[in-house]
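K.L.:
Got a predicted model here, sequence first, then my questions.
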Amino acid sequence: MKDTTLYRTQMKLKDLLKKQAQLVSDIIFLRNCKKKHLIPKGLVLKNPLATTYNTKFSQQMCTRNSERLRNHLISICYSNRRKIKATIDSILETGEIRADIWRGLRTFHEKLLKGLISNKEKKLHRLRLRMRYSAAASTTSNNINIHSHQQQDRTVNISDYTPNQAESSVLSKGVTFCPTKPMDKIELCSDLEEFFKRLRLKELFHDRHDQDRANTAEGGPLHMSREKQKSNWIPQTGRNPKQDRYIESFRHRAKTTILDKVRKQTYNLTLIERRAIESLKANHNITIKPADKGGAVVIMNTTDNSLMQSIPPNCSRIQQKSTWENSTGSLKHSRYTQENKFWT
């Protein structure tokens with residue numbers, strides 16, 4: 001029985017030494033990360049606004065909180081190490097562990113700690129390389145995005161009209177771009193009241209509707225399926241208290257929540273770009289169409305567009321070329337082919 005108790009105490013002490021070695025290696029690793037301003041991969045907080053409204057302040061906030069988590073983990077490791085050390089000292093004070101067994105356990109602890117520290121050093125080196133690579137990649141991607149944004153031109157202008165900067169910015173977004181529109185509050189309120197009216201009518205005539213459907217299914221009178229003129233009559237309130245409470249709560253929620261969101265609505269175009277869209281719509285001398293390939297936007301004269309539509313689609317390229325030259329002249333045709341090369 002005494003040997004069994006001694007063996008259990010020895011195994012408990014061995015487990016405590018393992019935990020102590022792990023905590024010491026973690027403390028050394030985290031302190032080195034703190035000195036080199038690094039954050040372990042598991043403690044990095046991802047920015048939840050990265051895909052929507054990513055800002056420099058939000059990224060700095062995530063980095064600052066990640067550093068706080070790292071420092072908090074260091075303090076937790078120190079606290080756990082003190083507890084384990086106190087438990088080991090209490091076991092050694094009992095005198096149950098012989099000196100030779102304790103020396104063997106200390107040798108095991110030193111070898112384990114040396115291997116763990118070596119692994120943490122490799123991990124720190126990989127983390128340093130990863131941080132350096134991510135910083136270089138982010139700088140390169142920012143430069144590429146700026147360069148591509150400056151040089152990206154998705155508009156092909158073959159007309160006599162020269163768009164200004166705002167119109168070019170709108171056209172570069174493509175013909176499939178959908179600008180946000182302000183919600184019509186009057187239309188929203190009218191739709192809500194129409195919905196409430198249908199609810200009250202359904203509640204009032206639900207028995208009659210069931211009877212009409214049964215008569216129609218049995219071959220009843222045909223006048224039941226005829227269209228009736230729309231009526232503005234609304235049933236009075238008070239028939240169904242549950243339905244009245246539902247309608248009032250829904251109306252209150254619509255006024256407080258939906259209309260509040262309308263006030264805080266964000267737009268994906270500036271006021272100048274919206275005015276540019278109106279000016280492009282009012283200009284009847286040009287026609288804007290998507291290109292067949294490449295996703296570009298083509299600006300052409302309206303007269304040229306009508307001439308292109310007048311060419312039969314089953315003509316060969318040579319016949320189309322001769323028709324185009326006879327219609328617009330060789331000078332315009334040469335300019336058209338130099339800029340877009342549709343006919344060469």
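P.N.:
Yep, that arrived. Numbering: from 1, shown residues only.
K.L.:
what pLDDT does residue 2 get?
P.N.:
With respect to pLDDT, residue 2 scores 52.
K.L.:
nearest spatial neighbour of residue 285, skipping sequence neighbours?
P.N.:
residue 302 (5.8 Å; CB to CB, 6 or more residues apart in numbering). C-betas here are computed from N, CA, C, even on glycine.
K.L.:
go on, residue 169?
P.N.:
Of all residues not flanking residue 169 in the chain, residue 273 sits nearest, at 6.0 Å (CB to CB, 6+ apart).
K.L.:
cool, and residue 62?
P.N.:
residue 45 (4.4 Å).
K.L.:
per-residue pLDDT, the one you found?
P.N.:
83.
K.L.:
In terms of helices and strands, where is the residue nearest to residue 169?
P.N.:
If you go by DSSP states H and E, residue 273 is part of helix 271-282.
K.L.:
roughly how far apart are residue 249 and residue 193?
P.N.:
The gap separating residue 249 from residue 193 is 15 Å, by CB to CB, to the nearest Å.
K.L.:
Could you check which of these two has the larger neighbour count?
P.N.:
Taking neighbours as other CB atoms under 10 Å, residue 249 and residue 193 compare with residue 193 leading, 13 against 10.
K.L.:
Find the helix or strand that that one is a member of.
P.N.:
Counting by DSSP H and E, the element that carries residue 193 is helix 185-204.
K.L.:
Give the buried residues for that helix.
P.N.:
192, 196-197, 199-200 (16 or more other CB atoms under 10 Å).
K.L.:
repeat for stretch 79-97
P.N.:
80-81, 84, 88, 97.
K.L.:
So which residues of the stretch 101-250 of the chain form strands?
P.N.:
155-157 (DSSP state E, counting those that start in this stretch).
K.L.:
quick one: the helices in it?
P.N.:
Here the stretch 101-250 of the chain has its helices, by DSSP state H, counting those that start in this stretch, at 165-171, 185-204, 206-217, 241-253.
K.L.:
Of these, which shows the lowest average pLDDT?
P.N.:
The minimum mean pLDDT among these belongs to helix 206-217 (a mean of 59).
K.L.:
for the helix holding residue 273, what is the average pLDDT?
P.N.:
Average pLDDT, helix 271-282: 88.
K.L.:
Could you do stretch 102-113 as well?
P.N.:
86.
K.L.:
and that stretch, how far out from the chain's middle?
P.N.:
52 Å (CA atoms, centre = their mean, to the nearest Å).
K.L.:
just stretch 83-96 next, same as before
P.N.:
Relative to the chain's own centre, stretch 83-96 is displaced by 54 Å; criterion: CA atoms, centre = their mean.
K.L.:
Show me what that stretch is in contact with.
P.N.:
Residues outside stretch 83-96 that contact it (CB atoms under 8 Å, 6 or more residues apart in numbering) are 5-6, 9, 12-13, 16-17, 19-20, 23, 97, 102.
K.L.:
Nearest to residue 30 among those?
P.N.:
For these, the closest approach to residue 30 (CB to CB) belongs to residue 23, at 10.4 Å.
K.L.:
what's near enough to touch that closest one?
P.N.:
Residues near residue 23 by CB under 8 Å, 6+ apart: 77, 80-81, 84.
K.L.:
Recalculate using a threshold of 10 Å.
P.N.:
Counting by CB atoms under 10 Å, 6 or more residues apart in numbering, residue 23 touches 76-85, 116.
K.L.:
swap in residue 32?
P.N.:
Contacts for residue 32 (CB under 10 Å, 6+ apart) come out as 38, 120-121, 123-124, 127-128.
K.L.:
And the buried ones among those residues, selectable in ChimeraX?
P.N.:
The buried residues among these can be selected in ChimeraX (16+ other CB under 10 Å) with this line:
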select :38,120,123,124,127
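K.L.:
Redo the contacts of residue 32 as a markdown table? Include distance to residue 63 and pLDDT.
P.N.:
A markdown table is the format used below for these (distance: CB to CB, whole Å; pLDDT from 0 to 100):
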| residue | distance to residue 63 | pLDDT |
| --- | --- | --- |
| 38 | 11 | 84 |
| 120 | 22 | 87 |
| 121 | 24 | 87 |
| 123 | 20 | 86 |
| 124 | 19 | 84 |
| 127 | 15 | 82 |
| 128 | 16 | 81 |
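K.L.:
Need the contact partners of stretch 179-190.
P.N.:
Contacts to stretch 179-190, defined as CB under 10 Å, 6+ apart, come from residues 170, 173, 191, 251, 254-255, 258-259, 261-263, 265-269, 273-274, 277.
K.L.:
ditto for stretch 104-117
P.N.:
Under CB under 10 Å, 6+ apart, the answer for stretch 104-117 is 10, 13-14, 16-18, 20-26, 28-29, 88, 97-98.
K.L.:
So residue 15 lies in a helix, does it not?
P.N.:
Yes - with DSSP: H, G, I helix; E, B strand; the rest coil as the criterion, residue 15 is part of a helix.
K.L.:
Now for it, how many residues are close by?
P.N.:
Other residues near residue 15 come to 11 when the count uses other CB under 10 Å.
K.L.:
Out of the buried residues of stretch 79-97, the closest to residue 155 would be?
P.N.:
Nearest member of those to residue 155, counting by CB to CB, is residue 80, at 63.4 Å.
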